[in-house]
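Asker: Would you be able to build a 3D model of this:
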Amino acid sequence: MNPVLKSCLFYGAGRVGQLPGFRTLFAGRAVIIVHHEIQRDCPSELMTGASVSLFEYSIKWLQREGWSIVSLDKCLQKLATNDRSRRYAVLTFDDGYRDNVSVALPVLERNNAPFMMYVPTGAPTRSMQSWWLGLRKLFLSRDKITIDALGRQFHCSTIRSKISAFDEVRRWVHQDYRRSAMLAPTFKQNGISLSALNDEYFLDERELRKLACHPLASIGGHTTSHPALATLDNSSARAELADNRSYLENLLQLPIRHVAYPFGTERACGRREERLANEVGFQSAVTTRQEQLHDKVNYFALPRIGVNSRSDFRARMSGIVEAAQALRKPKQGTTSGVLT
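Answerer: Here you go, the predicted model:
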């Protein structure tokens, strides 16, 4: 869809969704919101995270519109007991970025907002192949870039052109997550160390232990090395889930009950991953499928909504976008009681 048309549609849906009748009709019983980085200067990071102002706006909007921001455990308990006294919102952060503490945490504290952070083992241990950080570093540091695996050369001297080029390569990887390994030679040729970027951007073990003690914080799993689990064989996918859970429980001396599938798309996780997450002892698993939570909930394929702009957020929170999409194709993965 044309980006301008898409923006107008989301703006219109967001405006219509402000009407109480529409919110009552379409909005779900609960929503899980996904964040990654919360950035002070988004252009300098190629617009790969949410700005502080957008992040704070989303929290204030939820509170103003009557959504109760609660922990994931409390939200799932309210759903299980069919509590309809309020609508509930859960804030989640993937990967364990440092700015979740330095930038986002003060906002969360001011608003007394609980949150869940999903952490892959490879982030604090600095072993994760964080190709998206490598790509960002590559485009930020050079104006002429060759991606041999893609067969493309980019000339990008402005922030706008760098964002466009970065997004093109990222989309290419997301079409087949195994392609991420094909970027390693490019990083090596350009002197980019993923380990060094992990050290720069992710919490270390000491910082993670400190955060886990915070009264607003909960910690969940996010696999060992952050792969698209659907690309792995059965034993490898199981080990990614189980070993990450064991690592975090040993590090934090806390039970790790919840997990986020890396990438969270239909290409990255499916019914097998739901079964494996249940078998290794998790109580829930979240995806990145853009829906709210309604009466029928699959606890091992929980959808989450991203925050990309104010109009996009309002539109998705209204439930109108989801209702329109449901008319185009049936919902999947929402069978009540599955794998509980």
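
Asker: Which residue ranges of this structure form strands?
Answerer: All strands of the chain, identified by DSSP state E, fall at 30-35, 38-39, 50-51, 67-69, 87-94, 115-119, 144-147, 152-155, 217-221, 258-260, 284-286, 305-306.

Asker: got those strands as JSON lines, with mean neighbour count and mean pLDDT columns?
Answerer: (C-beta placed from N, C-alpha, C; glycine too.) Shown next, in JSON lines, are those (neighbours: other C-beta atoms under 10 Å; pLDDT from 0 to 100):
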{"stretch": "strand 30-35", "mean neighbour count": "23", "mean pLDDT": "98"}
{"stretch": "strand 38-39", "mean neighbour count": "24", "mean pLDDT": "98"}
{"stretch": "strand 50-51", "mean neighbour count": "21", "mean pLDDT": "98"}
{"stretch": "strand 67-69", "mean neighbour count": "19", "mean pLDDT": "98"}
{"stretch": "strand 87-94", "mean neighbour count": "25", "mean pLDDT": "98"}
{"stretch": "strand 115-119", "mean neighbour count": "25", "mean pLDDT": "99"}
{"stretch": "strand 144-147", "mean neighbour count": "15", "mean pLDDT": "97"}
{"stretch": "strand 152-155", "mean neighbour count": "13", "mean pLDDT": "97"}
{"stretch": "strand 217-221", "mean neighbour count": "24", "mean pLDDT": "99"}
{"stretch": "strand 258-260", "mean neighbour count": "27", "mean pLDDT": "99"}
{"stretch": "strand 284-286", "mean neighbour count": "26", "mean pLDDT": "98"}
{"stretch": "strand 305-306", "mean neighbour count": "18", "mean pLDDT": "96"}
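
Asker: any low-confidence regions in this protein?
Answerer: 1-26, 321-340 (pLDDT under 70).

Asker: which one's the longest helix in it?
Answerer: When the chain is parsed with DSSP state H, its longest helix is helix 234-252.

Asker: got a markdown table for the strands of the chain, with distance to L252 too?
Answerer: Output for the strands of the chain, formatted as a markdown table (distance: least, C-beta to C-beta, whole Å):
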| stretch | distance to L252 |
| --- | --- |
| strand 30-35 | 21 |
| strand 38-39 | 22 |
| strand 50-51 | 26 |
| strand 67-69 | 23 |
| strand 87-94 | 16 |
| strand 115-119 | 9 |
| strand 144-147 | 38 |
| strand 152-155 | 41 |
| strand 217-221 | 6 |
| strand 258-260 | 13 |
| strand 284-286 | 18 |
| strand 305-306 | 27 |
